[in-house]
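>>> Pasting the sequence and the predicted model now:
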Amino acid sequence: MTNLDDYILEHISPEHPYLYRLYRATNTQLLRPRMASGHQQGLLLRMLCQMLRPMTVVEIGTYSGYSALAMASGMPDGARLYTFEINDEQEDFTRPWIEASPWAEKISMLTGNIAEMLPEMHLPPIDLAFIDANKRDYVGYYHLLRPFMRCGGWMLADNTLWDGHVADHAYDRDAQTIGIRAFNDLMAEEARSGRIDTNILPLRDGLTIIRIRE
């Protein structure tokens, strides 16, 4: 962590105590703890939900539950977040943290393949979707979600700068980098066609914000 990172964390709203404990547990008990959103990104997710007030939220990739809980903490009463995790071994850690949280009534954790499950769920139009799963499948996730999105709804995609690998030819054969590049290229094409508005924030590993145009 750089001095600038420390400075930012010292000058933003404090982390919720429950999320602080979850982040510590993620780092001590799970492999690849860097996958968790963490305080700065979690705070942004919470504030976006406070601004957008989504009633139906879908997340692809639950991991330890940090991002789901951060979003739920900013969602209005009566809203529902459906978070999909394909790794069933993750459930033993994550589900107790979700169910014991102050926002448990807003979250449904589903274990399995979202491509098989979502079409059968008959959800209301999705107001907000957060993509944070297998980087090779980001293009597929976008095409899966798009028909279920509300016109004027929002998507977020995490890790879209991928440690800078997207702009480094040394990673031209890396499958994850290829997947992220394909997604970024598709978003640029969709924006040029007028189907979406999109921007990439250089936050952590890159966070893309997408608005589905009416």
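That came through, no problem.
>>> contacts, neighbours, all on C-alpha from now
Fine.
>>> So what's the residue count around residue 105?
Residue 105 has 16 neighbouring residues, counting by other CA atoms under 10 Å.
>>> Local confidence estimate at it?
Looking at residue 105, its pLDDT stands at 98.
>>> what's the answer for residue 189, then?
98.
>>> In contact with the nearest residue to residue 160 once chain neighbours are set aside, which residues?
If the residues on either side of it in the chain are set aside, residue 160 comes closest to residue 206, at 4.8 Å by CA to CA, 6 or more residues apart in numbering. Going by CA atoms under 8 Å, 6 or more residues apart in numbering, residue 206 touches 158, 159, 160, 161, 162, 200.
>>> Spit out the contact partners of residue 39.
Taking CA under 8 Å, 6+ apart, one finds 15, 20 in contact with residue 39.
>>> From residue 57, how far off is the residue positioned nearest the centre of the chain?
For the chain, residue 130 is the residue whose C-alpha lies nearest the centre (CA atoms, centre = their mean; 3.6 Å). As for residue 130, its distance to residue 57 is 8 Å (criterion: CA to CA, to the nearest Å).
>>> isn't residue 149 right up against residue 125?
Yes. If you go by CA atoms under 8 Å, residue 149 and residue 125 touch, sitting 5.3 Å apart.
>>> More neighbours: those two, which one.
Taking neighbours as other CA under 10 Å, residue 149 and residue 125 compare with residue 149 leading, 21 against 15.
>>> Not counting sequence-adjacent ones, nearest residue to the more buried one?
Per CA to CA, 6+ apart, closest to residue 149 is residue 126, 4.6 Å.
>>> what about that neighbour, how many neighbours?
Residue 126 has 22 nearby residues by other CA under 10 Å.
>>> I'd assumed residue 58 was in contact with it.
Yes. Counting by CA under 8 Å, residue 58 is a contact partner of residue 126 at 7.0 Å.
>>> any residues in contact with both of these two?
Common contacts of residue 126 and residue 58 (CA under 8 Å, 6+ apart): none found.
>>> Next, give phi and psi for residue 197.
Phi and psi for residue 197, reported as degrees, to the nearest 10, are phi -110, psi 140.
>>> For residue 151, list the residues it contacts.
212, 213, 214.
>>> Parallel or antiparallel, list what pairs with the helix or strand harbouring it.
In this structure, residue 151 sits in strand 149-158 according to DSSP states H and E. Strand 149-158 sits in its sheet next to strand 126-131 (parallel), strand 207-212 (antiparallel), going by DSSP bridges.
>>> Residue 169: which of those is closest?
Residue 169 lies closest, by CA to CA, to one member of the strands paired with strand 149-158: strand 207-212, at 21.1 Å.
>>> Any stretches of the protein with poor pLDDT?
The model of the chain has pLDDT under 70 over residues 1-2.
>>> For the helix ranked longest in the chain, buried residues please.
Ranked by residue count and defined by DSSP state H, the top helix of the chain is helix 175-192. Of all the residues in helix 175-192, those buried under the rule 16 or more other CA atoms under 10 Å are 176, 177, 178, 179, 180, 181, 182, 183, 184, 187, 188, 191.
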